[in-house]
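1. have a look; sequence and predicted model below, questions after that.
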Amino acid sequence: MFLKTLHLKQFRNYQEQRVDFVAPKTILVGNNAQGKSNLLEAVELLATLRSHRLARDRDLVRDGEAFGQIHAKLERQAGIIDLSVTLRRQGRRTVALNSEQLRRQLDFLGVLNAVEFSSLDLELVRGAPEQRRHWVDTLLIQLEPVYAHILQQYNQILRQRNAFLKSKGGFPMPVQEKEELAAWDAQLVTIGSRVVRRRARAIERLAPLAAEWHASISDRAEVLQIRYAPNVPFTATDPEGVQQAFLEKIEQRAIAEQHQNTTLVGPHRDEIELTINQTPAKQYGSQGQQRTLVLALKLAELKLIEAVVGEPPLLLLDDVLAELDLNRQNQLLEAIQDRFQTLIATTHLAAFDSQWLQASQILSVNAGQ
Ligand code: ATP
Ligand code: MG
């Protein structure tokens, strides 16, 4: 797929700016705080309706304005698609395809696919489990848009079950309250198992791709393993098997939950383990090695999305390329070739190999223009 045009209106520090992309690679160059990341964030929103900066809509709308808009023309095998997202300082965002407003945001997902790689992604290695769950969830939204709906349902049930435990919890729990809680359990287990099974499937497919990239970038010196460590361990992967394991663990933890008044069991407590040569990646190696790991994860995401969707997604590189050494830059260049449209934000061109510069459209970004 190829993003032909991006049109930003009152988005972040942009008043109004149209960008036409004319090459497989575009380098956005500019000083700090000029709008490079903001532009990439707009593309990310079109892909996932999420921002990895976790911004709220009122932060995305330009200061002093009531609404903002991201508009794009995307070329896919099936033809050209017009996408737009309207963000409001107050009220819900709306999305449209080919100028037709959609009732369900879900139907907007999966039209534009993109993989973002920024320095924030180093938190995938160093950060809390939540960061890794967020990463896999964002990938899943692109692989199977219905997952966005499942995740939303799960989070809602979790909030309601927690609210119940807070207001009516305590030890020992009276029979009537136990029955009420059992109704929440049933929902948590049904929807939670869908989350678990999809995460398991995505990681199973991603792991060998990432391991292969990692081996290649590290000249076969290192072995990367990605392992899903679900909070509810399960052996049978059919829906009933996962649900059964889930229910059993809820029963085991019932007393602890009554004491702590919060939900202790479920995919909101999953971990995704990253190890290099059998050592947790967090404890392993230099910043450069951690960057290599994240690069391998991102390349694996590109390939996985391409395999599932049937078209190469976009790659958004926010300020990370210049930090890779020339060998890694070249590995990346070779991996993406001209197949993956790539938008690159950087503060200076000096670090780029001349091969990159020759093959790129170069745009300078200055104060939202
Ligand atoms: P760096 O090289 O430091 O990463 P950048 O070019 O990527 O810089 P951005 O993050 O894209 O910078 O843009 C930052 C600018 O956008 C900041 O000056 C910030 O104050 C401004 N900005 C962010 N949100 C809004 C908003 N809602 N309205 C107006 N300006 C905003
Ligand atoms: Mg930036």
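-> Received, thanks. Numbering: from 1, shown residues only. Ligands and ions are numbered 1, 2, ... in the order given.

2. which stretches of the stretch 1-150 of the chain have low pLDDT?
-> By pLDDT under 70, the stretch 1-150 of the chain has no low-scoring segment.

3. for the spatially most central residue of the chain, pull up the helix or strand it's in.
-> With the centre of the chain defined as its mean C-alpha position, the nearest residue by Cα atoms, centre = their mean is residue 138, 3.0 Å away. In this structure, residue 138 is located in helix 129-143 according to DSSP states H and E.

4. now the element after that helix, going C-ward?
-> Downstream of helix 129-143 (by DSSP H and E), the next one is helix 146-168.

5. quick one: buried residues of that next one?
-> 147-151, 153-154, 157-158, 161-162, 164-165 (16 or more other Cβ atoms under 10 Å). Quick note: C-beta positions are derived from backbone N, CA and C, even for glycine.

6. assign residue 368 to helix, strand or coil.
-> Following DSSP: H, G, I helix; E, B strand; the rest coil, we place residue 368 in the coil state.

7. what sits against the closest residue to it other than its chain neighbours?
-> Nearest residue to residue 368, sequence neighbours excluded (Cβ to Cβ, 6 or more residues apart in numbering): residue 13, at 4.0 Å. Neighbour list for residue 13: 34, 35, 38, 62, 367, 368 [criterion: Cβ atoms under 8 Å, 6 or more residues apart in numbering].

8. of those residues, which is the most crowded?
-> residue 35 (23 neighbours; other Cβ atoms under 10 Å).

9. measure it to ligand 1 for me?
-> Distance, residue 35 to ligand 1, using Cβ to the nearest ligand atom, to the nearest Å: 4 Å.

10. ok, residue 147 next?
-> 28 Å.

11. when you give positions from now on, start the count at 520
-> In the new count, where the first residue is 520, that last one comes out as residue 666.

12. wait, that residue touches residue 659, no?
-> Yes. Contact between residue 666 and residue 659 holds when scored by Cβ atoms under 8 Å: they sit 4.4 Å apart.

13. mind checking the SS state of residue 791?
-> Quick answer, by three-state DSSP: residue 791 is strand.

14. that one - how many residues pack around it?
-> 21.

15. show me what it bridges to in the sheet.
-> residue 747 (DSSP bridges).

16. what does the model give residue 748 for pLDDT?
-> We note a pLDDT of 97 for residue 748 in this prediction.

17. before we move on, back to that, is it true that the residue nearest to the centre of the chain touches residue 571?
-> Yes. Judged on Cβ under 8 Å, residue 657 makes contact with residue 571 at a distance of 7.5 Å.

18. thinking again about what came up before, check the buried residues of helix 665-687 against ligand 1 and report the nearest one.
-> Closest approach between the buried residues of helix 665-687 and ligand 1, by Cβ to the nearest ligand atom: residue 667, at 24.4 Å.

19. thought that closest one was touching residue 660?
-> Yes. In terms of Cβ under 8 Å, residue 667 counts as a neighbour of residue 660; the distance is 4.8 Å.

20. between the two, which contacts overlap?
-> 568, 628.

21. tally of neighbours for the closest residue to ligand 1 within the stretch 720-869 of the chain?
-> Nearest residue of the stretch 720-869 of the chain to ligand 1: residue 866, at 5.1 Å (Cβ to the nearest ligand atom). As a burial measure, residue 866 scores 14 neighbours (other Cβ under 10 Å).

22. what parts of the chain come near ligand 1?
-> Applying Cβ under 6 Å from any ligand atom, one finds that the chain approaches ligand 1 through 531-532, 549, 551-557, 578, 580-582, 838, 864, 866, 884.
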